[in-house]
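Novice: Pasting a predicted model and its sequence here:
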Amino acid sequence: MNNKFDFPIKKENLRIIFIGLAINIIGYILMIGGGADNPTEFHEKELFSTVRITVAPILIVAGFVVMIYGIMKKAKDSNSQE
């Protein structure tokens with residue numbers, strides 16, 4: 001009677017998931033900022049920069065896609081004997 005617990009997400013899948021998480025964190029960090037210290041000032045170039053409006057959301061979506069791929073990917077079965 002072998003009661004060995006087999007975790008469904010393997011090490012290689014976790015690595016892919018963490019890479020996706022890192023991509024997400026980078027995207028969120030790029031989205032931070034743009035506000036002025038004085039509420040009467042408006043810095044259009046900082047608030048509507050290309051990095052904040054296009055690059056950061058693309059990185060966030062790409063990070064989620066990588067994480068979903070890491071969850072859905074079938075890991076190689078090293079113990080194929082049943």
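Specialist: Cool, the structure landed.
Novice: mind listing what's buried in the least confident helix or strand in the chain by mean pLDDT?
Specialist: Ranking every helix and strand in the chain by mean pLDDT, DSSP states H and E puts helix 44-47 at the bottom, with a mean of 82. Across helix 44-47, burial judged by 16 or more other CB atoms under 10 Å covers no residue at all. Quick note: C-beta positions are derived from backbone N, CA and C, even for glycine.
Novice: ok, now stretch 40-53?
Specialist: Ser49, Arg52.
Novice: outside of the longest helix anywhere in the chain, which residues touch it?
Specialist: The longest helix of the chain (DSSP state H) is helix 11-31. Helix 11-31 has contacts (CB atoms under 8 Å, 6 or more residues apart in numbering) with 9, 51-52, 55-60, 62-71, 73, 75-76.
Novice: From the chain's centroid, how far away is the helix or strand just after the least confident helix or strand of the chain?
Specialist: Later in the chain than helix 44-47, the nearest helix or strand by DSSP states H and E is helix 50. In terms of CA atoms, centre = their mean, to the nearest Å, the centre of helix 50 is set 20 Å apart from its chain centre.
Novice: How about stretch 24-34?
Specialist: For stretch 24-34, the distance to the chain centre is 12 Å (CA atoms, centre = their mean).
Novice: what does stretch 35-48 give?
Specialist: On CA atoms, centre = their mean, the centre of stretch 35-48 falls 28 Å from that of its chain.
Novice: Please apply the same query to stretch 8-23.
Specialist: 10 Å.
Novice: got the buried residues for it?
Specialist: Per 16+ other CB under 10 Å, stretch 8-23 contains these buried residues: Lys10, Asn13, Ile16, Ile17, Gly20, Ile23.
Novice: and those residues as JSON lines, adding distance to Gly34 and pLDDT?
Specialist: Compiled in JSON lines, the buried residues of stretch 8-23 are given as follows (distance: CB to CB, whole Å; pLDDT from 0 to 100):
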{"residue": "Lys10", "distance to Gly34": "40", "pLDDT": "88"}
{"residue": "Asn13", "distance to Gly34": "36", "pLDDT": "93"}
{"residue": "Ile16", "distance to Gly34": "32", "pLDDT": "95"}
{"residue": "Ile17", "distance to Gly34": "30", "pLDDT": "96"}
{"residue": "Gly20", "distance to Gly34": "25", "pLDDT": "97"}
{"residue": "Ile23", "distance to Gly34": "21", "pLDDT": "97"}
